[in-house]
Every structure is written in C-alpha cells, then in structure tokens.
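Okay, here's the prediction I keep looking at, along with the sequence it came from:
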Amino acid sequence: MTFSNNANCDCRKRTLCEEMLTYLDLIQPGFSCRRGMILYELHTVLLILGRSSLSSLSSLGSDKARARRDLRRSAKCLRECLAVLGLQASSTFPGQLYTAVSASRSQVEEFIRTSLKQ
C-alpha cells in the first residue's frame, strides 16, 4: 500500500467516524461507550493526518492550516474520549483503553503543542 492509499484510508476513516458521531447524536445522545471509542478512533486518525501533513515537505499554507486544525481537533477528541471512557468499568476494554490513553495523554498533548509551533 502506498502513502497515497494510506492517506485515502485515513480520510475515509475520518469521514466514517464523523458520520457515526452524527448518528449517535440522534440515536444515543450523551456519553456512551460507543461515543468514547469512536472519539478515540477519530483522535488517532486526526493525529496521523495532521502529523503527516505538517511533515510533508510540499505543504502549502492552506495544508499547514488544515493540519493545525486537525491537530487541535485531535486534542479535543482526546479530552472528550477520556471524559467518556473514564466512566467505564476498569475491567472492560473501554476502561482499559482509558487507563492506557490517560497514561500517555501528556506525551500526546506535548507532541500536539510542539507540532502546532511549526
């Protein structure tokens, strides 16, 4: 798989996560395990897309602006994800994901802060 294909898959994953969150707003509003898991997936794909756009040597001003928006949104999704998953029992997969993600949260946030300065 080439970089272009990976980027297309990441863009598709982003779209699917955004659509699923929209549907959840209608059928299951509020905090839910599903919402937390989808927010986590959206956070990761936004982080990947933002990082790859910023590291691209051919990034134009608009690409960098979009990359920065993606990184800011990634940080927001991470915070929301932790708020939701923190309500889950620690013996469940979402609860265990909460433990792992909260342990690395400061590193991720520092990476995002550093990347936004570029």
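Nice, I can see it.

where does the residue nearest in space to the middle of the chain land on pLDDT?
With distances taken as CA atoms, centre = their mean, the chain has His43 as the residue nearest its mean C-alpha position (0.6 Å). pLDDT, His43: 97.

which ones are touching the closest residue to it other than its chain neighbours?
Using CB to CB, 6 or more residues apart in numbering and skipping the chain neighbours, the partner closest in space to His43 is Cys77 (3.9 Å). Quick note: C-beta positions are derived from backbone N, CA and C, even for glycine. By CB atoms under 8 Å, 6 or more residues apart in numbering, the contact set of Cys77 is 39-40, 42-43, 46.

same thing but 10 Å
Cys77 is in contact with 17, 21, 38-47, counting by CB atoms under 10 Å, 6 or more residues apart in numbering.

Okay, the residue nearest to the centre of the chain and Glu18: tell me how far apart.
12 Å (CB to CB, to the nearest Å).

Repeat that for Ser53.
Counting by CB to CB, the gap from Ser53 to Glu18 is 17 Å.

swap in Ala67?
17 Å.

The two: which is more packed in?
Ala67 (23 against 13; other CB atoms under 10 Å).

Please name the nearest non-neighbouring residue to the more buried one.
Nearest to Ala67 is Ser53, by CB to CB, 6+ apart, at 3.6 Å.

ok, and for the helix or strand that neighbour falls within, which residues are buried?
Using DSSP states H and E, Ser53 sits within helix 33-55. Neighbour-count burial for helix 33-55 flags 33-54 (criterion: 16 or more other CB atoms under 10 Å).

Enumerate every residue touching the closest residue in space to Ser74 that isn't next to it in sequence.
Leaving aside its chain neighbours, Ser74 sits nearest to Leu46 (3.7 Å; criterion: CB to CB, 6+ apart). For Leu46, the contact set (CB under 10 Å, 6+ apart) comprises 10, 13-14, 17, 67, 69-78, 112.

what about 8 Å?
14, 70-71, 73-74, 77.
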